[in-house]
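Colleague: Build me a model from this:
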Amino acid sequence: MSKIERIEKMELVEVDAARIKQVVDTYFHWKTLDTEIKTLSGTRGINFPSELSEYMACYALNLLVNKKSSEGDAVDMTDPNNPLIIEIKGSSAESLTAPNSFSPSENFDDLVFVRLEKNDDLLKIYRTGINSEKLKQIKVNSKQTVEDQQKEHRRPRFSIQKEIIDKYNLEPDAIFYIRDKKISRPK
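Modeller: This is a model prediction of the structure:
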């Protein structure tokens, strides 16, 4: 199936002001629940929902959210003749080396990484320039690459922060200030 055929099967949604308000409101509900769960159980709390990070990243980068298909989280229509399928991975872990996982079959044009800084209510958003073919070459341990584990039908796990952001000295393409719904583009 061609990329255009894949995109035509998606349900693409623009993240407008009303939708981002709903996402931000939901973020603060999640943050409260996360704090309450940690207080009750002493555990690490609740993972930052990908639905929130994806909508925030799409809003900040002017991408369309893919609501329907599992073939990428978003689409970049900047060039309608060459739309890009975007995979978005996020982290809210305090540890900068927390692992991210990938499915055994990935097919995307650009990996976007989002790092939540919960204490400051901001999201750092990176367009990594890594596509699914480059992803396959990344080492997940001393003996295997992402591709090796994908061939074993496993979910490869590695730290995007460590293996991509830090390794290539990437700076955020956008910072989303959640409370104010403002976007900064440091580059």
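
Colleague: which residues does residue 27 contact?
Modeller: Going by CB atoms under 8 Å, 6 or more residues apart in numbering, residue 27 touches 52, 56, 178. Bear in mind the C-beta positions are built from the backbone N, C-alpha and C, glycine included.

Colleague: Is it in a helix, a strand, or coil?
Modeller: Assigned state for residue 27: helix (three-state reduction, DSSP: H, G, I helix; E, B strand; the rest coil).

Colleague: Pull the contacting residues for the residue nearest to residue 89 when sequence neighbours are not counted.
Modeller: Take residue 89 and drop its neighbours on the chain: the residue closest to it by CB to CB, 6 or more residues apart in numbering is residue 100, 4.7 Å away. By CB under 8 Å, 6+ apart, the contact set of residue 100 is 89-91, 113, 157-160.

Colleague: same thing but at 7 Å, please
Modeller: Applying CB atoms under 7 Å, 6 or more residues apart in numbering, we find residue 100 in contact with 89, 91, 157-160.

Colleague: List only buried entries from those.
Modeller: Among those, the ones that count as buried by 16 or more other CB atoms under 10 Å are 89, 91, 158-160.

Colleague: in this protein, which ranges drop under the pLDDT threshold?
Modeller: Residues of the chain that meet the criterion pLDDT under 70 lie in 1, 69, 187.

Colleague: these two touch, right, residue 63 and residue 86?
Modeller: Yes: Residue 63 lies in contact with residue 86 (CB atoms under 7 Å); the separation is 5.9 Å.

Colleague: Quick check: neighbours shared by these two?
Modeller: Joint contacts of residue 63 and residue 86 (CB under 7 Å, 6+ apart) are 74-76.

Colleague: Emit the PyMOL select command for whichever of these are buried.
Modeller: Selection of buried members from the shared contacts of residue 63 and residue 86 for PyMOL, criterion 16+ other CB under 10 Å:
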select buried, resi 74+75+76
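
Colleague: Now flag whichever of the shared contacts of residue 63 and residue 86 is closest to residue 146.
Modeller: residue 74 (20.6 Å; CB to CB).

Colleague: quick one, phi/psi of that closest one?
Modeller: Note on residue 74: its backbone torsions stand at phi -160, psi 170 [degrees, to the nearest 10].

Colleague: Looking at the buried ones among the contacts of residue 100, which two lie furthest apart in space?
Modeller: Farthest pair in the buried ones among the contacts of residue 100 (CB to CB) is 91 and 158. Separation: 11.9 Å.

Colleague: out of the buried ones among the contacts of residue 100, who's nearest residue 136?
Modeller: residue 158 (12.0 Å).

Colleague: contacting residues around the nearest residue to the closest one once chain neighbours are set aside?
Modeller: Taking CB to CB, 6+ apart, and ignoring the residues beside it in sequence, residue 158 has residue 140 as its nearest neighbour in space, at 4.7 Å. Applying CB under 7 Å, 6+ apart, we find residue 140 in contact with 146, 149, 156-158.

Colleague: Thanks a lot, catch you later.
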